[in-house]
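# Give me a 3D structure for the following:
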Amino acid sequence: MKRNSLPDPTSRSEVLRARRKYTEQVVFAVIFTVVELWAIVAVVVLLDDHGVLAVAVSIVLSAALIALWDIWRTLLMFGRALRAWLPETLPAAEEEVEPDRSPSSLLRL
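Numbering: from 1, shown residues only. As a prediction, this is how the structure comes out:
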């Protein structure tokens, strides 16, 4: 397990980096979702088979939908945690502000 500490809300560079990283994750999730949905539609439309292959395809497609659901659930959860932790506006100075919260960390699996 990799333990990542939360960004310091008084550090401008850490706040910007955390927001940029979350935005990149959302962009990749959107791209992955579009590709997955296109692939699911293509398989459903083009597959003309019955029996064991149809059952196997339905299991794989359901696993793909579960993976999409899990990605978006995780992103929404981390987005809420990030918005609750980070300030609304960026700090002006790097060292002058005293942190009012104790440092904590997120557990990343």
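# So for the strand or helix carrying V44, mean pLDDT?
Taking DSSP states H and E as the definition, V44 sits inside helix 12-46. This predicted structure assigns helix 12-46 an average pLDDT of 88.
# between whichever helix or strand comes after that helix and helix 12-46, how many degrees?
Next helix or strand after helix 12-46 toward the C-terminus (DSSP H and E): helix 52-85. Helix 52-85 and helix 12-46 meet at an angle of 160 degrees, taking axes from the mean of the first three to the mean of the last three C-alpha atoms, to 10 degrees as the criterion.
# Which elements pack onto helix 52-85?
With contacts defined as 3 or more C-beta pairs under 8 Å, 6 or more residues apart in numbering; DSSP states H and E, the packing partners of helix 52-85 are helix 12-46. To be clear about C-beta, it is placed using only N, CA and C from the backbone, and glycine gets the same treatment.
# Can you list the buried residues in the helix it packs on?
Residues of helix 12-46 classed as buried: E14, V15, A18, Y22, E36, I40 (neighbour count, 16 or more other C-beta atoms under 10 Å).
# Please report the distance of the residue nearest to the last one when sequence neighbours are not counted from F32.
So the one you mean is I40. Counting by C-beta to C-beta, 6 or more residues apart in numbering, the nearest residue to I40 once its immediate chain neighbours are dropped is L61, at 5.6 Å. Counting by C-beta to C-beta, to the nearest Å, the separation of L61 from F32 is 15 Å.
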